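In: Predicted model, plus sequence, below.
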Amino acid sequence: MRTRPAARAGQYTALLGYLVFLAFPFLWLVSTAFKPPRELGSLHPTWIPRDPTLTNFRQAFDEQPLLHAASNSLLAALGAAVIAVAVATPMAYVMARHRTRLSRAASGWVVVSQAFPFVLVIIPLFLVLKNLRLIDSVPGLVMVYVVWALPFALWMLVGYVRAVPVELEEAAAVDGAGRLRTLVSVTAPLLAPGIVATALFAFITAWNEFFLALVLLKTPEKQTLPVVLTHFIGAEGVADLGPLAAAALLATLPSLVVFAVIQRRITGGMLTGAVKS
């Protein structure tokens with residue numbers, strides 16, 4: 001049944017409205033970051049800065065150690081993504097290929113664990129890190145991020161493993177391939193989009209995380225970028241809007257760049273894996 005022109009126009013209008021809704025905060029952030037102070041305080045705000053300037057960016061770097069904080073965030077996010085995927089991938093394969101009562105119970109626990117709020121687990125995590133002498137350290141924060149990202153990463157990868165036909169592995173075994181060779185040559189390429197998507201999720205979650213970093217990191221030199229952004233807000237809640245917008249824009253760009261680089265891998269990885277197998 002063909003879609004009527006009026007219905008199609010309504011669909012495109014709804015899609016355009018949704019895209020505008022999603023893009024508005026980012027466009028406002030970009031506009032604010034390049035506006036001089038007199039335009040930020042104007043009674044007649046404009047979308048496009050009349051006199052764009054880089055003063056907000058220079059002031060942001062002068063006021064706060066953004067590069068050092070960004071390096072801390074990058075280290076924590078990359079560490080969490082790599083470790084979470086490395087641990088979750090073999091676990092997901094076992095849970096997907098060997099469906100026992102224990103694996104079903106583990107899958108249920110993974111789903112239930114996502115309902116736990118940060119406040120509920122922060123005290124036990126703090127005590128564990130204190131006993132391990134990892135309080136106020138980036139490795140300790142990486143450990144917490146891995147624990148928090150692992151359940152959802154495992155849940156995602158189980159679905160990807162189940163989507164890989166088991167007949168492919170059986171055919172490889174008939175051809176004489178061992179279990180390790182089958183996993184590396186057949187299953188792993190087909191799991192590539194799932195692994196990349198899971199790593200992207202873990203990275204962005206850790207990069208943007210604020211509450212745990214605020215509680216566990218006290219030394220200014222070890223704080224992550226989301227925590228440092230709060231330093232642009234004064235004690236009375238008055239924000240230095242220009243430098244704050246500039247710093248927030250710089251904090252947003254890595255997530256956008258990572259997604260732009262990896263999106264082809266997410267959409268085309270399944271076909272690539274199928275050809276290689």
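Out: Perfect, thanks for sending it.
In: Not counting sequence-adjacent ones, nearest residue to V85?
Out: Spatial nearest neighbour of V85, chain neighbours left out: A199 (4.9 Å); criterion: CB to CB, 6 or more residues apart in numbering. Using the backbone N, CA and C atoms, a C-beta is placed for each residue, glycine as well.
In: which strands and helices sit next to the helix or strand hosting the one you found?
Out: Applying DSSP states H and E as the criterion places A199 in helix 188-208. On a contact count with 3 or more CB pairs under 8 Å, 6 or more residues apart in numbering; DSSP states H and E, helix 188-208 meets helix 66-97, helix 138-163, helix 241-276.
In: if we can go back for a sec, from A81, how far off is the residue nearest to V85?
Out: As judged by CB to CB, to the nearest Å, A199 and A81 stand 5 Å apart.
In: Neighbour count: the two, which is higher?
Out: In this view A199 and A81 are compared by other CB atoms under 10 Å, and A81 has more residues nearby, 26 against 22.
In: continuing past the helix holding A199, what's the next helix or strand?
Out: Sequence-wise, the next helix or strand downstream of helix 188-208 (DSSP H and E) is helix 211-216.
In: Would you mark the buried spots in that next one?
Out: L212, A213, V215, L216 (16 or more other CB atoms under 10 Å).
In: any idea of the pLDDT on the last one?
Out: Listed pLDDT for L216 reads 88.
In: now swap in the first one and tell me
Out: At L212, the predicted lDDT confidence score is 89.
In: measure the closest residue to it other than its chain neighbours to M156 for me?
Out: For L212, ignoring the flanking residues on the chain, the nearest one in space by CB to CB, 6+ apart is V144 at 5.6 Å. V144 is 20 Å from M156, where distance means CB to CB.
In: Compare neighbour counts for those two and give me the winner.
Out: Using other CB under 10 Å as the criterion, V144 and M156 rank with V144 on top: 26 against 20.
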